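1. show me the folded form of this:
(one chain, ligands or ions: 1)
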Amino acid sequence: MKRLLYVFLLLALCFACKKADKPKKTGLITKNAMVVSARVEASKIGSDILKKGGNAFDAMASMQLALAVAYPYAGNLGGGGFMVYRKSDGEIGSLDFREKAPLAATRDMYLDENGDVLPEKSTLGAMAVGVPGSVAGIFAVHEKFGSLPMEDIIKPSINLAYRGVVVTQKQETRIKKYQPLFLKANKDSIIFSKSWKYGDTIKYPAFAKTLERLLQHGKDEFYKGETAKRLVKFLKENGGIITEEDLARYTVKWRTPTTFMYDDLKIISMPPPSSGGICLAQIMKMIEPYDLDKFGHNSVKAIQVITEAERRAYADRSFYLGDPDFVNIPSDTLISTLYLNDRMQTFSFEKATSSKDVSHGDVQVIESDETTHYSIIDQFGNAVSVTTTINGAYGSKLYCSELGFFLNNEMDDFSSKPGVPNMFGLIGGDANSILPEKRMLSAMTPTIVEKNGKLFMSVGTPGGSTIITSVMQTILNVHEFNMTMQEAVNAPRFHHQWLPDEIRMEPNLFERSLILQLEKLGYPINEKDSPVIGKVDGILVLDDEMLEGGADYRGDDTAVGF
Ligand code: DON
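-> Just a heads-up that it's a prediction; the model follows:
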């Protein structure tokens, strides 16, 4: 009998071990190089550039163009973005190719005579458009760090535009959803007015011609040449205010990234005019003293700590952050341990803090859907993390058929009126008011992580205000909860942004009992408004130096490498 019991115990032990050893779900694993982006066509073009001997910066330039062809929902020439990089020798930096307000922009340009915000003026059509930065960004990256000739960078996208791109199921749904707005924003029907079906091929000859002119004449083609003239004429005909002078004056900015430590990780992220780096630093440093791994992934306690840190960081965001070329930001204080520990003094596990009782912290200031992300690690060890956007889905919905691309509606990222939420529900203050040539505050958070001085991760996502918290959860999933890159990307996400005072959760992915417990503690839960939160694309350097890609299943995102 006793022997039987031993056998039984042994069997039970084996079974338990087997369960614990269950293989983890990983993304694509490669040895040398990897790119992850929103469309397989763009990832292939980036990977091919690397295979040809190009570096991560060549791949960045080529993928920004390829996404403009293959993913017009967010990929763009008519928008802007941010790049964070870490070279193989450890040098870090960031490029700001964010859009700017036109010279004729004014603080109250989106208000009526009663001072009320005019619906849709900052989101739909030509008045919503900021001066685009993407072309300047591509050329700046290539000029500083590129190694292949521009022809190698641009040609694949010209060919793709002529050859056409196959409509995916998700794309079919998206095009259909936005057709009423295309009709509203454009005088004539556009290429996307047709009823495209899954499996159809959309060709973009007008865009191919624009790219050919870029190849022939360089950056100035877009900012001073034929393309500039046609673009300004088109915007004017549609009631816009961008002039040739606006385009000619546009410049990118190389900026020093925001960096901070979290345990043994060094996080390198985007500084203002993105709020990404500073908010990420604030949230992560507020939660660092707590034992998240002991609380457990997406446990009540973990969600409470993260939510309360998010609440406080987003309150600071709305008061202090804006374009650093126009406003003074107390960055060092905002991310200092002393200040952040003090911010969390009012937190208790017993009961939710109310956002009504939280405003920005006291800092001595001396003076004053759609976006897309791609990550690249090349065979030389350089890492690039880029988030680029035209803001809303298909931007302002205004499509310049002659040039073949959508224009952004980034002006909505400014605060049209203090206290009135923008399309992401974000409340802005004076620091983010509209001024000529100012850059609108962003939440885009392209990020690179080092561990013990070595490259560890390249990560980022779209998602408007939820970008910062999605990037953070992905890093925590790997670091605190021991997930693979793909698991970290797949895991259900939640988000709090101070106002509205609620935790947004991806629907049906969180246990009912967990939601009930949070509600009991005073946390309103909203599962309706965000069917997905973020579309994270990341690359993780594994212990054996292999690369693991995490491509988000929430989109058509794909990792390609070799
Ligand atoms: O810069 C920003 O924060 C926004 N324009 C990003 C927009 C976005 O992520 C939309 N995607 N879902």
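2. beyond the helix or strand bottoming out on mean pLDDT in the chain, next helix or strand please.
-> Taking mean pLDDT, DSSP states H and E as the measure, the helix or strand of the chain with the lowest value is helix 2-20, at a mean of 50. Counting by DSSP states H and E, the next helix or strand C-terminal to helix 2-20 is strand 29-30.
3. continuing past that following strand, what's the next helix or strand?
-> Following strand 29-30 in sequence order, the next helix or strand is strand 34-37 (DSSP H and E).
4. for the residue in the stretch 201-350 of the chain that the ligand sits nearest to, what are its contacts?
-> Taking C-beta to the nearest ligand atom as the measure, the stretch 201-350 of the chain has residue 274 as its residue closest to the ligand, at 7.1 Å. (Each C-beta comes from the backbone N, C-alpha and C, glycine too.) Listed by C-beta atoms under 8 Å, 6 or more residues apart in numbering, the contact partners of residue 274 are 82, 96, 98, 441-445.
5. need those in TSV (columns: pLDDT, secondary structure and distance to the ligand).
-> Shown next, in TSV, are the contacts of residue 274 (pLDDT from 0 to 100; DSSP: H, G, I helix; E, B strand; the rest coil; distance: C-beta to the nearest ligand atom, whole Å):
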residue	pLDDT	secondary structure	distance to the ligand
82	98	strand	9
96	98	strand	11
98	98	coil	8
441	97	coil	8
442	97	strand	3
443	97	coil	4
444	98	coil	5
445	98	coil	9
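6. ranges for the helices of the stretch 201-350 of the chain?
-> Secondary structure of the stretch 201-350 of the chain (DSSP state H, counting those that start in this stretch): helices at 205-217, 220-223, 226-237, 244-249, 276-287, 292-295, 300-320, 331-334, 337-343.
7. out of the ones you listed, which one sits most buried?
-> Among the helices of the stretch 201-350 of the chain, ranked by average contacts under mean count of other C-beta atoms under 10 Å, first place goes to helix 276-287 (a mean of 26).
8. interface residues of the chain facing the ligand?
-> 369-371, 389, 391, 410, 413, 442-444, 462-464, 467 (C-beta under 6 Å from any ligand atom).
9. if we go to 8 Å?
-> Residues of the chain lying close to the ligand by C-beta under 8 Å from any ligand atom are 74, 98, 274-276, 369-372, 387, 389, 391-393, 410, 412-413, 424, 440-444, 461-467, 535.
10. in helices, which of the residues you listed fall?
-> 276, 467 (DSSP state H).
11. what residues are up against the closest residue to residue 375 other than its chain neighbours?
-> Nearest non-adjacent residue to residue 375, counting by C-beta to C-beta, 6 or more residues apart in numbering: residue 458, 4.0 Å away. Neighbouring residues of residue 458 by C-beta under 8 Å, 6+ apart: 375-377, 383-385, 447-449, 538-539.
12. that older thread, so of the residues of the chain next to the ligand, which ones are in strands?
-> Residues of the residues of the chain next to the ligand located in strands (DSSP state E): 371-372, 387, 389.
13. so which pair among the contacts of residue 274 is furthest apart in space?
-> The two members of those with the most space between them (C-beta to C-beta) are 96 and 443, at 14.1 Å.
14. tell me which of these two has more neighbours.
-> A direct count of neighbours by other C-beta atoms under 10 Å for residue 96 and residue 443 places residue 443 higher, at 29 against 26.
15. and the more buried one, what is it in contact with?
-> Residue 443 neighbours (C-beta under 8 Å, 6+ apart): 274-276, 279, 424, 426, 464-468.
16. and the residues you listed, which are buried?
-> 274-276, 279, 424, 426, 464-468 (16 or more other C-beta atoms under 10 Å).
17. please produce JSON lines containing those, extended by pLDDT.
-> Formatted as JSON lines, these follow (pLDDT from 0 to 100):
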{"residue": "274", "pLDDT": "98"}
{"residue": "275", "pLDDT": "98"}
{"residue": "276", "pLDDT": "98"}
{"residue": "279", "pLDDT": "98"}
{"residue": "424", "pLDDT": "90"}
{"residue": "426", "pLDDT": "90"}
{"residue": "464", "pLDDT": "95"}
{"residue": "465", "pLDDT": "94"}
{"residue": "466", "pLDDT": "96"}
{"residue": "467", "pLDDT": "98"}
{"residue": "468", "pLDDT": "98"}
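18. can you pull out the low-pLDDT segments for the stretch 51-200 of the chain?
-> Along the stretch 51-200 of the chain, no part satisfies pLDDT under 70.
19. which residues in it form strands?
-> 80-86, 92-97, 165-166 (DSSP state E, counting those that start in this stretch).
20. winner for burial among those?
-> Of the strands of the stretch 51-200 of the chain, strand 80-86 is the most buried (mean count of other C-beta under 10 Å), at a mean of 29.
21. do you know the pLDDT at residue 536?
-> With respect to pLDDT, residue 536 scores 98.
22. isn't it right up against residue 373?
-> Yes. Counting by C-beta atoms under 8 Å, residue 536 does reach residue 373; the two are 7.4 Å apart.
23. now do the shared contacts for the two.
-> Counting by C-beta under 8 Å, 6+ apart, the residues touching both residue 536 and residue 373 are 460-461.
24. neighbour count: the two, which is higher?
-> Ranked by neighbour count (other C-beta under 10 Å), residue 536 and residue 373 place residue 373 first, with 35 against 31.
25. what pairs with that one across the strands?
-> Beta-bridge pairing of residue 373 under DSSP bridges involves residue 387.
26. and it, what does it touch?
-> Contacts of residue 373 by C-beta under 8 Å, 6+ apart are 37-38, 385-388, 446, 460-462, 535-537.
27. go with 10 Å
-> If you count contacts by C-beta atoms under 10 Å, 6 or more residues apart in numbering, residue 373 has them with 36-38, 67, 74, 81, 385-389, 444-447, 458-463, 467, 470-471, 534-538, 552, 557.
28. and what of residue 492?
-> Each residue near residue 492 by C-beta under 10 Å, 6+ apart is listed here: 297-298, 473, 505-511, 533.
29. only whichever of those are buried, select them in ChimeraX.
-> Per 16+ other C-beta under 10 Å, the buried members of the contacts of residue 492 correspond to this ChimeraX selection:
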select :297,298,473,505,506,510,533
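30. columns pLDDT, secondary structure and distance to residue 103 on top of the contacts of residue 492, output as a markdown table?
-> Compiled in a markdown table, those are given as follows (pLDDT from 0 to 100; DSSP: H, G, I helix; E, B strand; the rest coil; distance: C-beta to C-beta, whole Å):
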| residue | pLDDT | secondary structure | distance to residue 103 |
| --- | --- | --- | --- |
| 297 | 98 | coil | 49 |
| 298 | 98 | coil | 48 |
| 473 | 98 | helix | 40 |
| 505 | 98 | strand | 43 |
| 506 | 97 | coil | 42 |
| 507 | 96 | coil | 44 |
| 508 | 96 | coil | 48 |
| 509 | 97 | coil | 46 |
| 510 | 98 | coil | 48 |
| 511 | 97 | coil | 53 |
| 533 | 96 | coil | 37 |
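31. closest to the ligand out of the contacts of residue 492?
-> The shortest approach to the ligand among the contacts of residue 492 belongs to residue 533, at 9.6 Å (C-beta to the nearest ligand atom).
32. could you give the number of residues near the residue lying closest to that closest one once chain neighbours are set aside?
-> Spatial nearest neighbour of residue 533, chain neighbours left out: residue 493 (4.2 Å); criterion: C-beta to C-beta, 6+ apart. Using other C-beta under 10 Å, residue 493 has 27 other residues around it.
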